[in-house]
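Peer 1: Make a model of this:
(2 chains)
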Number of protein chains: 2
Amino acid sequence: MKIKINQNFSKLNKNYLFSEINMRVKKFQAENPDVKIIRLGIGDVTLPIPELVTSAIKKAADEMGDIKTFRGYPPEYGYEFTKDSVRLYYERKNIKVNNDDIFISDGAKSDLGNIVDIFDNNEIYITNPVYPVYIDSNTMSGRNIHFLNGSRENDFKPMPTGLDMEPKIIYLCSPNNPTGSLYSYDELKNWVNYAKDSGSLIIYDNAYEAFISGNYPHSIFEIEGGRECAIEVSSLSKMAGFTGLRCGYTIIPRELSAAGVLINDLWRRRQATKFNGVSYPIQRAAEAALSIEGEKECQKAIQYYKKNAKLLADFFKSKDIYYTGGESSPYLWIKCPKKYNSWEFFDYILKNAYIVTTPGVGFGTMGEGYLRLTAFNTYENTLEAIERLKKII
Amino acid sequence: MKIKINQNFSKLNKNYLFSEINMRVKKFQAENPDVKIIRLGIGDVTLPIPELVTSAIKKAADEMGDIKTFRGYPPEYGYEFTKDSVRLYYERKNIKVNNDDIFISDGAKSDLGNIVDIFDNNEIYITNPVYPVYIDSNTMSGRNIHFLNGSRENDFKPMPTGLDMEPKIIYLCSPNNPTGSLYSYDELKNWVNYAKDSGSLIIYDNAYEAFISGNYPHSIFEIEGGRECAIEVSSLSKMAGFTGLRCGYTIIPRELSAAGVLINDLWRRRQATKFNGVSYPIQRAAEAALSIEGEKECQKAIQYYKKNAKLLADFFKSKDIYYTGGESSPYLWIKCPKKYNSWEFFDYILKNAYIVTTPGVGFGTMGEGYLRLTAFNTYENTLEAIERLKKII
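Peer 2: Numbering: from 1, shown residues only, chains lettered A, B, ... in the order given. So this is what the prediction gives:
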C-alpha cells in the first residue's frame, strides 16, 4: 500500500524489559531445573475478587439474559450508579467530586493513552523513572517530552523547582509506579501552585491510592486549587484486583478550561466518538467493589500485599540499603550495591537467591542502579525470598 | 489554563440528531398523553443474551473469585481462546484468518475511532450517508475528508468509478448502517481492485455481517486480494446482542504493509500502549457466542429482527415506495414522498401514526429525503406500526 503511516511510531522505544527478563529466567531455570524460583517482579495482582463483587457480575449476567432486565448500549460516560459509587468512595475520604466530572472507562491505561487526543502539541513533562505509557502515547503523537528526574536526592519525588513558567502538561503518579514514593500534602501543593501559576495541566495517575497509609493525599483534588489545574486518572485494578475485569475512571473537574473550552467537554466528545462505555456486568462489579462493604473486602487483599511489602522494607532497612516505597505501595525500589548496575544485580539475585526482580533501568535512565521488587507474591514466598536474600546481601 | 487544546474538535458537527428526535417525541407525547408511541428508530438490540452466553460470564466470574483460577491482566490482543473462536467463526464461512491477524477489543466503535492513530494525514473517503464515527474520528485528527455519495442511482452503494489513483483510506460498511444496502461479490471486487491499483487501504466495517441472507460476501477477505488492501472491523454487538457487554474485533492481515512497516505491527504497538485487553468474563461470553451452538442461539434473535424487517419491507414494496435494506439488515432506508424532506416526513409519521423513525438527513446530506426504520422493536409492535402506516401512506 502507498498510504502514509504515522512515522512517530518509529521513534518509540523498543521496550524489551519483560521479554528480556523472561528470557534470562527461562535460561537460568533450564540450566538449574531443580531450583525453585520466586517471582518478586510481578506487577499484577494475584488474589481473587471478593465474593460480593463476583456475585454482582453474576446477577448482572442474569439480568442480561432476561428480556425484562436486558440492557443495550451503556452510557458512554458510565452508568449513574457507577459514577455514584466513585463519588461516594471519594466522599468517604472527604473529597468532593461530582458525577459530571466522572468518566467510567475500561481502565486507567486506556484513559492515560487516549487523553492525548484532546490536546495540541504542548511541552510534556514526565518523571523518570516512569510507567512507559505516558512516554509512548505522547511519542506516538509527536509531542516534545522533557524528563523530571527522580533520584536519591529528591527521594524519587521530582519537584517543580527550577522549571520555566511556560504552560506544560505534567504527568505525576503518587504512590508511584515503579518507585513506590508518594508526595506529601505540602509537596503536592507545590505542584498545584506551580501548575496554576504557569497555566499548566497536571495529569495525576492515582492508580495506587488504595495502598496509602498515614497522612498523605488520596487525590490531587484534596489540594486547594487542584480542581483548577488537574485531571485525575484512577482504576480498580489495584484497589479491587480488577486487572482482569477492566474498569477505571477519569475525573475532569467541570471548572477546568483552556482556550475558552471545557476540558471535560472535550473528553466527553472524544469518548462519545471513540468509546462505547463499559460492559454492564463490569460496571455492577465496580459498584460493588466501591461500596462501603466492598472497599472493606478489597482492603483485605491490599493489607495482605502491604504486609509483604513491609517484610521486604524491614529487611532492606536492616541491611541499611536505601529504598523508597514499601509502605503505601506494593512496590519497593532499592538501590543496588555500588559495584552493580541494574541488570548485574538482577542477575546476581537470580543466580544466587533464585529470585526474579525488575531492573530499574527498564523504567528510564534514572532507574539505573536500582531494582523494583513487588509484594504481589504470597506471604510464604516473600518470607522465603527474604531468608534467601539474607544469605547473599 | 494556558495549554493548547486540539482545535480540530471545534470543526466537529454538533450532532443533535437523537436529542432533536427525543425532544420532538417528548413534546408530542406531552400534548397527546393517551397515544401509544411505537419506536422504529431504535438502533440498539432489544432481545436478551442466550443462556449459554450468560452462563459463560457466570462461570468466569466464579473463576475470578477463586485463587486457583484467578486471572490478572488479559493479553492486550485478546486471549487465544477468543481469537480461536473468531477464527473458527470465519472458517465456518470458508474464510481464512489467522490468530495473529485478530485483535479482540471492547467494540467496533473503539477500533474504528482509534485506528486513526496509526496513520498520517491521508486523504479520507467516506460514504454519505454514514455512521458518524468515521467522520468525527478523522475530523479530530485534522484529516481531509471526501464523500462518496450514495443515492437512488447507485442504490446507496457508491463505487470507485471516477476516483483518481492517489492512495487513500476508504471506509466501507456492508451491510450498511444506515441504508441497509450491501455490496455483491462483484462490487466488492471492484473496490478491492481499485484499492490495490491505487495503493489504498479499505477499512471495512462488518458489524452487520450476521444479518446477511443469500449469496453475498460475509467478509472483505472473501474477495481475492482483500488481504492485501483491507482491514476488517467487526463486533458481537449485533451478531450476539453484545451492545451492553462490549466485545468486538479487528482483523489486520499480516501481509498488509505501507512504507515497509506491517500495519498489523503498528496496531499491535498502539493497542499495547493504549489498551489493556478485554475483560476476562466478557471474552468467555464472546467465545460462547461465537461457538457453533452459540451462533445458532444468536441467529434466533437475528431471525426475529429480520422477520420484522421483512414485514416493513413488504409493506413499502406494496406501496411502491423505494427502499434499500430490509433483507440482510435490521435497517430499512425509505424514500419520503416527494413533497416531504426527512424531518417533515418524520413529523408526519409521528403525528399521524405515532411512530418514531430516524430522519435520513441526520446521517449526512445524501440522506435528505429519506427515513431510517429499524427492526429492533417487537413483532407485535412492528405489525401494529404497519397497520397504522397503511392508513396514512
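Peer 1: Do a quick rundown of the helices in the stretch 1-150 of chain A.
Peer 2: Assigned by DSSP state H, counting those that start in this stretch, the helices in the stretch 1-150 of chain A fall at A:17-31, A:51-64, A:80-91, A:108-114, A:133-140.
Peer 1: Mean neighbour count, those: which tops it?
Peer 2: helix A:108-114 (a mean of 25; mean count of other C-beta atoms under 10 Å in any protein chain shown). For the C-beta atoms, the positions are set from N, CA and C on the backbone; glycine is no exception.
Peer 1: still on that earlier bit, which one of the helices of the stretch 1-150 of chain A lies nearest to B:Asn22?
Peer 2: helix A:80-91 (17.6 Å; C-beta to C-beta).
Peer 1: Next, count neighbours for the closest residue to A:Arg269 other than its chain neighbours.
Peer 2: Nearest residue to A:Arg269 in three dimensions, chain neighbours excluded: B:Phe9, at 6.0 Å (C-beta to C-beta, 6 or more residues apart in numbering or on different chains). Other residues near B:Phe9 come to 18 when the count uses other C-beta atoms under 10 Å in any protein chain shown.
Peer 1: In chain A, where's the longest helix?
Peer 2: Taking DSSP state H as the criterion, chain A has its longest helix at helix A:292-318.
Peer 1: and that helix with chain B, contact?
Peer 2: No: if you take C-beta under 8 Å from any C-beta of the partner chain as the test, helix A:292-318 misses chain B, and the best it gets is 10.4 Å.
Peer 1: buried set for that helix?
Peer 2: A:294-295, A:297-299, A:301-302, A:304-306, A:308-313, A:315-316 (16 or more other C-beta atoms under 10 Å in any protein chain shown).
Peer 1: With stretch A:361-376 instead?
Peer 2: Neighbour-count burial for stretch A:361-376 [16+ other C-beta under 10 Å]: A:361-364, A:366-376.
Peer 1: where in chain A is pLDDT low?
Peer 2: Counting by pLDDT under 70, not a single residue of chain A qualifies.
Peer 1: wait, the residue nearest to A:Arg269 sits on A:Ile118?
Peer 2: Yes: with contact defined as C-beta atoms under 8 Å, B:Phe9 and A:Ile118 form a contacting pair (7.0 Å).
Peer 1: so what's in contact with these two at the same time?
Peer 2: A:266, A:270 (C-beta atoms under 8 Å, 6 or more residues apart in numbering or on different chains).
Peer 1: quick check: domain ranges of chain A?
Peer 2: A:8-48+A:295-392, A:51-293 (automatic domain parsing).
Peer 1: right, so those domains: which one is the most enclosed?
Peer 2: domain A:51-293 (a mean of 21).
Peer 1: end to end, how far does it reach?
Peer 2: End-to-end span of domain A:51-293 (C-alpha to C-alpha, to the nearest Å): 11 Å.
Peer 1: Which of the domains of chain A sits closest to B:Ser257?
Peer 2: Ranked by C-beta to C-beta, the member of the domains of chain A that lies closest to B:Ser257 is domain A:8-48+A:295-392, at 13.1 Å.
Peer 1: what's the spacing between stretch A:97-117 and its chain's center?
Peer 2: Offset of stretch A:97-117 from its chain centre (C-alpha atoms, centre = their mean, to the nearest Å): 13 Å.
Peer 1: Send me it as CSV with only the CA atoms.
Peer 2: Presented in CSV, the C-alpha positions along stretch A:97-117 are these (Å, rounded to 0.1, in the frame of the first residue of the first chain):
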residue,chain,number,x,y,z
VAL,A,97,-16.3,15.2,43.1
ASN,A,98,-19.4,15.5,41.0
ASN,A,99,-20.9,12.8,38.8
ASP,A,100,-20.5,15.2,35.8
ASP,A,101,-16.7,15.2,36.5
ILE,A,102,-16.5,11.4,36.3
PHE,A,103,-15.9,9.2,33.2
ILE,A,104,-16.1,5.5,33.7
SER,A,105,-13.7,3.6,31.4
ASP,A,106,-12.2,0.2,30.8
GLY,A,107,-9.0,1.1,32.7
ALA,A,108,-6.5,3.8,33.5
LYS,A,109,-4.2,2.7,30.7
SER,A,110,-6.8,3.5,28.1
ASP,A,111,-7.5,6.9,29.5
LEU,A,112,-3.9,7.8,30.1
GLY,A,113,-3.2,6.8,26.5
ASN,A,114,-6.2,8.3,24.8
ILE,A,115,-6.1,11.7,26.7
VAL,A,116,-3.5,12.9,24.2
ASP,A,117,-6.3,13.2,21.6
